[in-house]
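Undergrad: return atomic coordinates for the entry below.
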Amino acid sequence: MSSRPFAVIILAAGEGTRMKSATPKVLHQVAGRSLLGHVVEAAAHIEPEHVIVVVGHGREQVSAHLAEVAPWVLTVVQEEQLGTGHAVRIALEDLIARGGRPEGPIVVLTGDTPLLTGASLDSLMAAHEGACTVLTARLADPTGYGRIVRKGSVVSAIVEERDATDEQRTIDEINSGMYVFDAAALGERIGQLGTDNTQGEEYLTDIVGMLTADGLVVNAHIAADPDDIRGVNDRAQLAEAAAIMRDRINVRWMREGVTMADPSSVWIDVDVEIEPDVTLLPNTVLQGPTVIATGARVGPGTTLVTCEVGADAEVIHTWAQLAVIGEGASVGPFTYLRPGARLGTGAKAGAYVEIKNAEVGDGAKVPHLSYVGDAQIGEGSNVGAATVFVNYDGQDKHRTVVGREVRIGSDSMLVAPVEIGDGAYTAAGSVITEDVPPGAMAVGRAKQRNIEGWVERRRSDSSSARAAREANAASGRVQPDDASDDVREE
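TA: Okay, the predicted model is just below:
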């Protein structure tokens, strides 16, 4: 490998009008990381002394993003987008103003190439010799790219397509826009760039012509994978890059022992960690720094955003964000785990259950059709169907504590703040507004009374009334004439 680079300069000032977006092009994401973030990650792999990003369009957003994800990166503003050569020149001037002395290799990268890898740059640096080495690729359809013009084995010129002759347009080796320069050779010529071209810009590619005119060697290194140099200029290319990244990530995880029933439908962000013997079923999406432990089974139809899934857990048809799912826990189907949801070992959150900012203890179950918010449920407890933890009074949130081995009857309303003691029960259909002592049965409902004959008197023409008359006639049952009817009709 060549000596450690003095600097990596990343060009990220362009507007990206073809994206048709209020978001700067380089901040669009692939696999949970911005286009620019992928390039910064690749640059860091070769351990340069400096990484400097040239920003322009959307500079505030781009600079703020870099401050968050890579605060060690330097930025310089290109006030007017006057070409790649101009961008490199102001980057070098900024580095010198900061006290840097450019010596050794200087790498120039573009900020919209998310498929670039550290291995690609290792290979480029190993191949670098002479005044400049250009990273190139051979494409079946080179339309839109600058062409590499060779003289023997070395590069004599790089010609932009708009300036190329018909013969030059037939060349299939294209310029990636990424280079390694000798610092001295670049520094001596960067200020000599002109604007005699169709765009009226300073082309960095013109440095190649200057170097060859001065008898210096310019080499080209052909990327092993042409996808590495793919730029993203519109939403279609963004989707293409995302699909390639998806396939790369999935192949890596499958080789690490992860089973995928349909890899084309599984989307995994770059920060996800997965242990061997995990199974990912179709239409599974893993985002953010999600961690999946060995033996877990996730999907189908599941999205996990920044979650932890314990060993041997099962998560089916679920959306979860900032949640912890314990070892051997069962989630789904059609479950919503919101931030702060924590399921203990062997816990269950079943069908149509929503949990937010709540801990479900080891072996505890919320099997179906319930909302659990701002709560703690002790180990071994069971929450019956259609239970609601009433946590909001219209102004403030309140917390409910359910002890160990509690049985919450179906259709209970637990009005927080309230505490259900260990081993207690609540009767089905109860509204619980006061604390329940350990081992007690809480009943919070009115006594039932039946008003006989009400339907036949008040809904005499209805199908219900006809059914009632038929049933009464079949059984020989006679309705009392003086049945109480003091229920207000709704």
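Undergrad: rest of the way, CA atoms for contacts and neighbours
TA: OK.
Undergrad: report the contact partners of V383.
TA: 365-367, 407-410 (C-alpha atoms under 8 Å, 6 or more residues apart in numbering).
Undergrad: can you name every helix or strand that the helix or strand where V53 lies contacts?
TA: Under DSSP states H and E, the secondary-structure element containing V53 is strand 50-55. The helices and strands touching strand 50-55, judged by 3 or more C-alpha pairs under 8 Å, 6 or more residues apart in numbering; DSSP states H and E, are strand 7-12, helix 35-45, strand 74-77, helix 84-97.
Undergrad: pick the most buried one from the ones you listed.
TA: Sort the helices and strands packed on strand 50-55 by mean neighbour count, taking mean count of other C-alpha atoms under 10 Å, and strand 7-12 sits at the top with a mean of 27.
Undergrad: hang on, the earlier thing: restricted to strands, list the contacts of V383.
TA: Among the contacts of V383, the members falling in strands are 365-367, 407-408 (criterion: DSSP state E).
Undergrad: and the helices and strands packed on strand 50-55: which comes nearest D182?
TA: Minimum separation from D182 across these (C-alpha to C-alpha) falls at strand 7-12, 10.9 Å.
Undergrad: what pLDDT, on average, does the closest one get?
TA: Averaged over strand 7-12, pLDDT sits at 97.
Undergrad: what are the contacting residues of the helix or strand following it?
TA: Counting by DSSP H and E, the next helix or strand C-terminal to strand 7-12 is strand 29-30. With contact meaning C-alpha under 8 Å, 6+ apart, strand 29-30 is reached by 35, 114, 238, 241-242, 245.
Undergrad: quick one: which of those residues has the most company?
TA: Ranked by neighbour count (other C-alpha atoms under 10 Å), the contacts of strand 29-30 have P114 at the top, with 31 neighbours.
Undergrad: one step back: ok, the strand holding V53: who's next to it in the sheet?
TA: strand 7-12 (parallel), strand 74-77 (parallel) (DSSP bridges).
Undergrad: may I see these organised as CSV, with distance to H128 added?
TA: Converted to CSV, the strands paired with strand 50-55 look like this (distance: least, C-alpha to C-alpha, whole Å):
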stretch, distance to H128
strand 7-12, 15
strand 74-77, 25
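Undergrad: and of those strands, who's closest to I222?
TA: I222 sits nearest to strand 7-12 of all the strands paired with strand 50-55, at 19.5 Å, using C-alpha to C-alpha.
Undergrad: and the helices in the chain?
TA: Remark: helices assigned in the chain by DSSP state H are 35-45, 59-69, 84-97, 118-127, 183-189, 206-213, 235-255, 454-458, 463-475.
Undergrad: determine which stretch of the ones you listed is the most buried.
TA: helix 35-45 (a mean of 23).
Undergrad: who are the contact partners of V40?
TA: 10, 51, 70.
Undergrad: not counting sequence-adjacent ones, nearest residue to the second one?
TA: In other words, V51. Once flanking residues are discounted, V51 sits nearest to V8: 4.8 Å by C-alpha to C-alpha, 6 or more residues apart in numbering.
Undergrad: who's that neighbour bridged to?
TA: On the basis of DSSP bridges, V8 is bridged to V51, V107.
Undergrad: change the start of the numbering to 6 and stick with it
TA: Got it, the first residue is 6 from now on, which makes the last one we talked about V13.
Undergrad: pretty sure it contacts H55?
TA: Yes: V13 lies in contact with H55 (C-alpha atoms under 8 Å); the separation is 6.3 Å.
Undergrad: and the contacts of stretch 354-364?
TA: Stretch 354-364 has contacts (C-alpha under 8 Å, 6+ apart) with 335-349, 370-382.
Undergrad: how far does stretch 404-416 sit from the chain's center?
TA: 35 Å (C-alpha atoms, centre = their mean, to the nearest Å).
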